[in-house]
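**Q** The sequence and its predicted three-dimensional model are supplied below.
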2 protein chains.
Amino acid sequence: MKRIAAVCLMAALHGCAATGVPRTTQPLAWTLGSVEAGAIATQTYRALVQSVEARLPAAAGMPSAILGSDGTPLPCTAETAQRPAAVFDVDETLIWNVGHAYYEARGDAPFDEKSWAAWEREGPAQTVAIPGAKAALDALRAMGVTPVFNTNRSAENAKHTEAALAHTGLGPAVHGETLFLKGDVDGKSGKDGRRAEIVKRFCVLALVGDQNGDFTDSIDNGPAGKRPMAERREIAVARYGAHWGADWFVLPNPLYGGWNNPPMNRDEVVAPDQRWTYKGNH
Amino acid sequence: MKRIAAVCLMAALHGCAATGVPRTTQPLAWTLGSVEAGAIATQTYRALVQSVEARLPAAAGMPSAILGSDGTPLPCTAETAQRPAAVFDVDETLIWNVGHAYYEARGDAPFDEKSWAAWEREGPAQTVAIPGAKAALDALRAMGVTPVFNTNRSAENAKHTEAALAHTGLGPAVHGETLFLKGDVDGKSGKDGRRAEIVKRFCVLALVGDQNGDFTDSIDNGPAGKRPMAERREIAVARYGAHWGADWFVLPNPLYGGWNNPPMNRDEVVAPDQRWTYKGNH
């Protein structure tokens, strides 16, 4: 650390990304360690509460935040308008999985799928509420808006996820009523099926997540299968641009995600005409 | 890439952070390559515009977004109320420095401070507006709100930074009027001195940035010097929590920042009682 620190103290702010940090530590340090990531979460939860509050009371015909198969918002009904709700992803949206992120940042060991399943069972008491999340859920409940949780944690571990949400002060979450898990409804990891079920029961005024799939499956998946990343980015703006910060709220998660599956190298991220190299002092 | 992709396609979403990606590529891939980072920028700029619009017209006595030395907002005056403004950092707030980020993601080479100075001069035509930034600045200008730029780019390179902002459609920026650079006012890299000058001229309704220092120098710096990271996070919530998403708006930047200076390893980020290890299949 000493050597790294010395390099960085001499360097301008811009440079420290490039010094000798273990590979997976930088996203961890930013997400869990920075003032800025916590401030962004706080600001996002504030915007969510303001947006929902401004649209109350829920009413029949009001567009929900959940899209139908044609890509337009499904309307609330006279019945669902009695039950306004906001739908939340859980991991890296409401809670930080600090322990598992610590494990994953251990070095170059390959991913072990089983470690996540073990973490779902063992980790509840070590999960941490993301800044602003509890205050937002408390505020929504006080307005009569039900938080509903739609996560790809396993239905087999439902009681552990209920415990994690209780531990962090974000519950109650009741499996089958306000908690929807992978294995529920259509059994798919895509969440559209579960959203279609939720929108039958609630007038959903907002969706909150850290991945595209927390909003609609149609950004990642097109008629011809998985879309290329550039097409996903284009569609997210061209087709769904009006939702971000209006009734869809995104938390930052550079730790993992569909954008990193498969991981991209710098030549895949940056187009040839955008590449630049320092040619020396001049 | 083939081997990495095969590992990841078999893995659940959670895992791909830990596969064999070059060290600095993951923050780059998320920031420039993900749908989510662009969506967060869009949502943040939407919230900014709504917040400023809701507080217009500016009036004498209205609290500005700039703090005095006692930590409370400086009020607008009858004179400054004629000139409502929003103050923006530039790099990784309004524009992505794609070319320099590409250069920095090249591998394990140590940081070269000169490369950034060269980029300031050579890079304007390769900078890219962050999603939502141009629409927000256009909307603010249409409301009569002046965008003012306060950046740690060098005053020596003022014309190049004016060019970068023009290239991305975010200008006009005029050095000494609406563009404040490192070397201006008190010559410091801390921005409080420049903010004190700006607030004499404008009624500043919002601050926008990707680093603490874009809002106040007092998060990073205490009476006894640089604060430990944990204290910065605590103060950001306890003392300034009401600003985030109200009149201070943060863009996500896991590429570089004060949080990474010096870089932290996982044991510095994660407290002992939050650490977890996978103990094998059971």
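**A** Arrived safely.
**Q** Helices of the stretch 1-150 of chain A, residue ranges please.
**A** Along the stretch 1-150 of chain A, the stretches classed as helices by DSSP state H, counting those that start in this stretch are A:2-10, A:25-33, A:35-55, A:98-104, A:113-122, A:133-142.
**Q** could the ones you listed go into TSV alongside mean pLDDT and mean neighbour count?
**A** Any C-beta I mention is one placed from the backbone N, CA and C, and that applies to glycine too. As requested, these are exported to TSV (pLDDT from 0 to 100; neighbours: other Cβ atoms under 10 Å in any protein chain shown):
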stretch	mean pLDDT	mean neighbour count
helix A:2-10	30	13
helix A:25-33	93	25
helix A:35-55	98	23
helix A:98-104	93	23
helix A:113-122	94	19
helix A:133-142	98	18
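**Q** got the contact list for residue A:249?
**A** Counting by Cβ atoms under 8 Å, 6 or more residues apart in numbering or on different chains, residue A:249 touches A:44, A:45, A:47, A:48, A:51, A:206, A:207, A:208, A:209, B:43.
**Q** Repeat that for residue A:175.
**A** The contact partners of residue A:175, taken as Cβ under 8 Å, 6+ apart, are A:155, A:158, A:159, A:162, A:181.
**Q** repeat for residue A:78
**A** residue A:60.
**Q** repeat for the one 10 residues further on
**A** Contacts for residue A:88 were tallied using Cβ under 8 Å, 6+ apart; they are A:94, A:147, A:148, A:149, A:150, A:208, A:209.
**Q** and the third one, how many residues sit next to it?
**A** Other residues within reach of residue A:148, judged by other Cβ atoms under 10 Å in any protein chain shown, total 22.
**Q** pretty sure it contacts residue A:87?
**A** Yes. The pair residue A:148 / residue A:87 is scored as a contact, 4.8 Å apart, by Cβ atoms under 8 Å.
**Q** Now do the shared contacts for the two.
**A** Contacts common to residue A:148 and residue A:87, judged by Cβ under 8 Å, 6+ apart, are A:198, A:202, A:204.
**Q** Let me know the pLDDT of the first one.
**A** Residue A:198 is assigned a predicted lDDT (pLDDT) of 98.
**Q** and what of the one 5 residues further on?
**A** According to the predicted model, the pLDDT of residue A:203 comes to 98.
**Q** go on, the one 5 residues further on?
**A** On pLDDT, residue A:208 comes in at 99.
**Q** mind listing what the spatially most central residue of chain A touches?
**A** Note on chain A: the residue nearest the mean C-alpha position is residue A:210, at 1.6 Å, using Cα atoms, centre = their mean. Contact analysis of residue A:210 by Cβ under 8 Å, 6+ apart lists A:89, A:91, A:92, A:93, A:250, A:251, A:252, A:253, A:257, B:36.
**Q** Can you tell me the closest non-neighbouring residue to it?
**A** When the adjacent residues along the chain are set aside, residue A:210 lies closest to residue A:253, with 3.9 Å between them (Cβ to Cβ, 6 or more residues apart in numbering or on different chains).
**Q** wouldn't that neighbour be in contact with residue A:31 here?
**A** Yes. Counting by Cβ under 8 Å, residue A:253 touches residue A:31, with 6.9 Å between them.
**Q** okay, and the common contacts of those two?
**A** Contact criterion Cβ under 8 Å, 6+ apart; residues shared by residue A:253 and residue A:31: residue A:92.
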